[in-house]
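Asks: What follows is a predicted structure for the sequence shown.
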Amino acid sequence: MNRMLMKKGSILKSVFGVVFIYMLVKPLVDQDKYSAVTPDEDKSIGLDDKDLIEQPLHDVILPRFSEITDVKQKKTQFFNFLRPAIQKENARIAQLREDIESLSLKFDQTRTLSTAETKLINHLIKQYKIKNISTNEEKLAALLNRIDIVPTPLVLVQAANESAWGTSRFARIGLNFFGIWCFKEGCGMVPKGRDVGLRHEVAAFSSVENSVKHYLHNINTNHAYHVFRIIREQLHEQNQPLTAEILATGLLPYSERGTDYVLEISEMIRHNQKYFQ
């Protein structure tokens, strides 16, 4: 028992060391694509005011989360609604990671790859936005750093936080449960509080699956989450589970609120444990 506590303590010490350095060197790195929506912006629109009602940009029938008054029922329905898409995409990523692990093991043993295997690796290198590496060994290591799951509880609480439990304008109209921005005109919804001169929009998706897939891909590719991926890699190296609370410390750049945001997400993970089973 003491040995396990010491091991977890070592991981936490390493995690907080990395996060502390990151806060000093680059506290606001690459917030553009994954900054949270301004707090409480467009979180609720009066359903009785017909002038304010927008037509959804999708064909998905959403539960009426805003009409559920019982907190436990709302949480249960929200998590049950999103969980299948998260688990499905995480399973796809996990299988792909397993394939890359097998290729890495083969390469370690034979130092060779087939033409098809090389083609697959190069395709994934491009897909996962990996640059400035040339050897197969480096490519495989970089892919294993990026092709990995994000624990379902962490995804669920971020979705709950960013979408006000599915009641925000962006969740209802664009299936955007994660505060994801886009930068082409017409790519999504214009925030009502957007400052003059800014051009970003809040992305809209055609399905919950696409929304979740986009979120996970950005966590796995955006430079802003380099620390998140380092923490995840260290957990693997020490044969520890990918714990949502530990990985949450790598999400400082997700919101302009920084440390306060991470603390809030961590608190939500702890308070909603019974809903993750």
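Replies: Right, received. Where do you want to start?
Asks: which non-adjacent residue is nearest residue 181?
Replies: Spatial nearest neighbour of residue 181, excluding adjacent residues (C-beta to C-beta, 6 or more residues apart in numbering): residue 200 at 4.8 Å. C-betas here are computed from N, CA, C, even on glycine.
Asks: swap that for residue 270, sorry
Replies: Nearest residue to residue 270, sequence neighbours excluded (C-beta to C-beta, 6+ apart): residue 245, at 7.1 Å.
Asks: Thought residue 268 was touching that neighbour, still the case?
Replies: No: counting by C-beta atoms under 8 Å, residue 245 stays clear of residue 268, with 10.1 Å between them.
Asks: okay, now the residue nearest to residue 270: neighbour count?
Replies: Using other C-beta atoms under 10 Å, residue 245 has 16 neighbouring residues.
Asks: contacting residues for it?
Replies: By C-beta atoms under 8 Å, 6 or more residues apart in numbering, the residues touching residue 245 are 266, 269-270.
Asks: From residue 110, how far out is it?
Replies: Residue 245 sits 40 Å away from residue 110, taking C-beta to C-beta, to the nearest Å as the criterion.
Asks: Equivalent analysis for residue 180, please.
Replies: On the measure of C-beta to C-beta, residue 180 and residue 110 end up 41 Å apart.
Asks: So which of those two has more stuff around it?
Replies: Between residue 180 and residue 110, counted using other C-beta under 10 Å, the more crowded position is residue 180 (23 against 8).
Asks: Please name the spatially closest residue to that one (chain neighbours excluded).
Replies: Residue 180 sits nearest to residue 203 (C-beta to C-beta, 6+ apart), 4.5 Å away.
Asks: likewise residue 275?
Replies: Using C-beta to C-beta, 6+ apart and skipping residues adjacent in sequence, the residue nearest residue 275 is residue 79, 5.0 Å away.
Asks: What separation is there between the one you found and residue 203?
Replies: Distance, residue 79 to residue 203, by C-beta to C-beta: 22 Å.
Asks: cool, and residue 251?
Replies: With C-beta to C-beta as the criterion, residue 251 and residue 203 are 18 Å apart.
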